[in-house]
Each structure stands twice: as C-alpha cells, then as structure tokens.
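Participant: build me a model:
(4 chains)
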2 protein chains.
Amino acid sequence: MHTPKPRRSDATKAAILAAARRRFGAEGYDRATIRAIAADAGIDPSMVMRYFGSKEELFATAVDVPYRLPELESVPPAEIGEAVVRRMFALWEGDPAVLARLRRAVNDPEAAERMRGVIQDEFAAVVRAFVADEAEVRRRAGLVATQILGISLCRYILEVPDVAAMDVEELAASYGPTIQRYLAEPLP
Amino acid sequence: MHTPKPRRSDATKAAILAAARRRFGAEGYDRATIRAIAADAGIDPSMVMRYFGSKEELFATAVDVPYRLPELESVPPAEIGEAVVRRMFALWEGDPAVLARLRRAVNDPEAAERMRGVIQDEFAAVVRAFVADEAEVRRRAGLVATQILGISLCRYILEVPDVAAMDVEELAASYGPTIQRYLAEPLP
DNA sequence: ACTGTTTGCCAACGGTTGTTGGCATCATAG
DNA sequence: CTATGATGCCAACAACCGTTGGCAAACAGT
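Facilitator: A predicted model of the protein is given here:
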C-alpha cells in the first residue's frame, strides 16, 4: 500500500471541498451555487465539474464523513443522557458537513430518507443498549431524535440566541435529563 | 361596514391561495414554483402575478394566519406541559401555513429572523405565566422551542415513522412532561 | 529541447424561473 | 345592443443555474 504520487491539483481539490462544506452548511444544497463555491476557492466553475463530475457528486464527497457516535460503554448508566448530548454536539460543532446533511434533508425527500436511515441505525444503536424490544427501540430513538435535531435546528439554523449562546456543557446539563428519560424511563 | 361586491375572480384567488399553501408547505418557498401552483389551481401563471403582485407577496398572503396560542389560564398547573403540546399541534395539524413558515425559516435568513421573533413573543408569553425574571423567560422559551420545533421537524418534514404515526394525544403524553420541566422545574 | 499530459479559463448551451405585455373572451352596466 | 372593464391565455424576456467543449499555458518525462 503506497500513497499515489501527489498531484498539483490536490490543493485545488482541497480548496473546493473546504468551500463546498462551508457553503453547503451555511446556505444549503440549492442556494449554494457551483459558481459561488468556485469563487470562494479562487478558481473557475468548470474546474469543479472536472474534478468532481457534478454538483451532486461534489456534495456527496464533501459530506462523506463517518457519523459514528463514540462508544458509551464506559459511561455510568445514570449519566448516559448527558454523555449522549455531549458527544453528539461535539460532532456537530466539529464539522459543518453534518449541518449540510440536515439542511438537505429538509429540502430533498431523498435526503430525508437517508436521514431517517441514520436515525433508525445510529440513534437506535444507542438505545439498544437499554432496551430489548425492537419496536420500543425505534420509538425511543424517535423521541431522542426530536430533541437532538430540535436543538440543532434552533442552534445552527434558526440561531435562536439563548440556544446558540450555550456551550456544549450547558447543552448537556439542560438537555441531558430529557435524553435520559427518553432512553431509559418508562413510556406512557 | 358592508361587504364589497363579490367578484368572479374571488374563486380563482381562493384556488391559488389553497394551492400555494399546499405547495409552500410541502416543498418550501424555493421549490414551490409559481407555474406549479398555477397548474394546481387550473389557471395561467400570469394570473398569480396579476392578483398577488409577486411570489413574495403571494407567500406573505398565503401564510398570513394569526398564530395565537389559546389561553391556558383554565388549565391546572400540573397539566400545562401536556396542554401546550396539545394546543400547539392542534395548530400545526390544522394549517399547512405554519409548516410553510418553518420551511422558509430554514432556508431564508430573513424568515429565520421572523421565526426568532415568534419564539421570543408567542413562546415567551406562555412561559411568562410561570416565571418573573425576563432572562429566565427567554431561556426557558428557547428550551421549549427546541423540543416543539424538533417534533415538527421530525414529524412533518423528515417524516420519521414513529414520530409521524402518533396522534396529538400521544404527542401530549410523550412530550408533555418534557415541556412541563422546561416551563416550571428548576434549571441547572 | 520536444512531446504529451495536466491545470486552468473562457464562452456558450439548454433548461428553469419569476415576471411582463399584449390580445382574445366574457360579463355586466347603461 | 353596445361599450367598458374584468378575466384569462399565450409568448416572450431577462436572469440564473448546472454543465460542456475547446483552447492557452504550465508542467513532467524522455
């Protein structure tokens, strides 16, 4: 396994991807134009097409970051709620690609389908540590999703001042108990 | 005060508004085209312009429904959380215009600004019944907003199956305690 | 130094969108 | 019945978008 010879265009590709992630995260797929991304990267729009094939492929490449939530096995059961919030938003703060995917899921039914898949896979995986019955797992995963995505919506998209001003620790303290309840306490 | 003479075009205007509300709610402002709305209403796109001036004015007219949450004074304090959820989603279920406004707030910064205003006015008004300190009112209104808008996002936009399948009573039972806590219980 | 490949820009196409002006048709007041 | 305004459609414009093809310059291997 050897690294392929570095090409001169690698820097350009990286600049395009960085600009794409920023634009897709801030403006969404539709409003982020190839022309604007190219201008941010300081090159011609046609270069984007040459290196990434199409706008759709550029988006797929730009947001293709693994989504795995870190392991939670070492966390005491009573603190799982806070831990989930903490690690979830460490992810959101670190990479605008996650935001770009949520923005797209809002506007594109196909992307919404993929987001449903993430909820039923990644979110449900967290719940499965507490619950055996698979129907109940899905139901609790849905509860968790409403609160987590609601925070993301208000914080990164609507930019509600009192939600956007909190740091991750404050988020964990405020919303940890809610997630804890959705994960483990009896359902109505 | 007398009603102005009914015109023959009133039916057309109503058909346009109905189609606009449906399209704006289902596809959002950008993807809902004047041509599609006109086709739904069975008339020519230019008629939309004649009767409403511009796409922007059409949207403003279509979603101009009062947003007032019904009074909560007759509700026992311990059941306020459930009551808020119940009445909030009675509103969402009844009129696609509310959904259209959320969809637009996601894509348009100016609409997001208006949505922040709604949160700081309507949502905060509910909280003010429980809390005196104005900073705490805004903070609790933010907490409530994340959960309510998160449900709306997962239910009407992402269409997460387990969230979309619930009826309003199930929503009230599942999320009422959370809202109750955000409204009245001590903050961390 | 020469040749082929890579990197970049420019101009343009085809499609979609909001928007406009003109022209036919219908209803209604006089 | 006639004249006037309301109602509707058609065609087109201007702007923007993703996308394409061709051409100049820079580079790399020999």
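
Participant: any stretches of chain A with poor pLDDT?
Facilitator: Confidence mapping of chain A against pLDDT under 70 gives the ranges A:1-5, A:70.

Participant: and the residue of it nearest chain B?
Facilitator: In chain A, no residue comes nearer to chain B than A:G150, which is 1.9 Å away by Cβ to the nearest Cβ. C-betas here are computed from N, CA, C, even on glycine.

Participant: quick one: secondary structure of that residue?
Facilitator: Following DSSP: H, G, I helix; E, B strand; the rest coil, A:G150 is assigned to helix.

Participant: what about it, distance to A:P45?
Facilitator: In this view, A:G150 and A:P45 are 36 Å apart by Cβ to Cβ, to the nearest Å.

Participant: the helices in chain A, which residues?
Facilitator: Taking DSSP state H, the helices of chain A run over residues A:10-31, A:34-41, A:45-52, A:55-62, A:80-94, A:96-107, A:109-118, A:124-127, A:134-152, A:161-164, A:168-184.

Participant: next, format those helices as JSON lines and append distance to B:V118.
Facilitator: JSON lines is the format used below for the helices of chain A (distance: least, Cβ to Cβ, whole Å):
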{"stretch": "helix A:10-31", "distance to B:V118": "21"}
{"stretch": "helix A:34-41", "distance to B:V118": "30"}
{"stretch": "helix A:45-52", "distance to B:V118": "38"}
{"stretch": "helix A:55-62", "distance to B:V118": "31"}
{"stretch": "helix A:80-94", "distance to B:V118": "24"}
{"stretch": "helix A:96-107", "distance to B:V118": "18"}
{"stretch": "helix A:109-118", "distance to B:V118": "24"}
{"stretch": "helix A:124-127", "distance to B:V118": "32"}
{"stretch": "helix A:134-152", "distance to B:V118": "15"}
{"stretch": "helix A:161-164", "distance to B:V118": "14"}
{"stretch": "helix A:168-184", "distance to B:V118": "21"}
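
Participant: now render those as JSON lines, adding distance to DNA strand C.
Facilitator: Formatted as JSON lines, the helices of chain A follow (distance: least, Cβ to the nearest atom of the strand, whole Å):
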{"stretch": "helix A:10-31", "distance to DNA strand C": "4"}
{"stretch": "helix A:34-41", "distance to DNA strand C": "7"}
{"stretch": "helix A:45-52", "distance to DNA strand C": "3"}
{"stretch": "helix A:55-62", "distance to DNA strand C": "12"}
{"stretch": "helix A:80-94", "distance to DNA strand C": "28"}
{"stretch": "helix A:96-107", "distance to DNA strand C": "13"}
{"stretch": "helix A:109-118", "distance to DNA strand C": "15"}
{"stretch": "helix A:124-127", "distance to DNA strand C": "36"}
{"stretch": "helix A:134-152", "distance to DNA strand C": "28"}
{"stretch": "helix A:161-164", "distance to DNA strand C": "31"}
{"stretch": "helix A:168-184", "distance to DNA strand C": "38"}
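
Participant: can you add distance to DNA strand D and mean neighbour count and give these back as CSV?
Facilitator: As requested, these are exported to CSV (distance: least, Cβ to the nearest atom of the strand, whole Å; neighbours: other Cβ atoms under 10 Å in any protein chain shown):
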stretch, distance to DNA strand D, mean neighbour count
helix A:10-31, 8, 18
helix A:34-41, 4, 18
helix A:45-52, 3, 16
helix A:55-62, 4, 17
helix A:80-94, 25, 19
helix A:96-107, 13, 22
helix A:109-118, 15, 15
helix A:124-127, 34, 19
helix A:134-152, 24, 22
helix A:161-164, 27, 18
helix A:168-184, 33, 19
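
Participant: can stretch A:11-29 be found next to chain B?
Facilitator: Yes. Contact of stretch A:11-29 with chain B (Cβ under 8 Å from any Cβ of the partner chain) involves A:G28.

Participant: from what I can see the residue of chain A closest to chain B touches B:L153, true?
Facilitator: Yes. Counting by Cβ atoms under 8 Å, A:G150 touches B:L153, with 6.5 Å between them.
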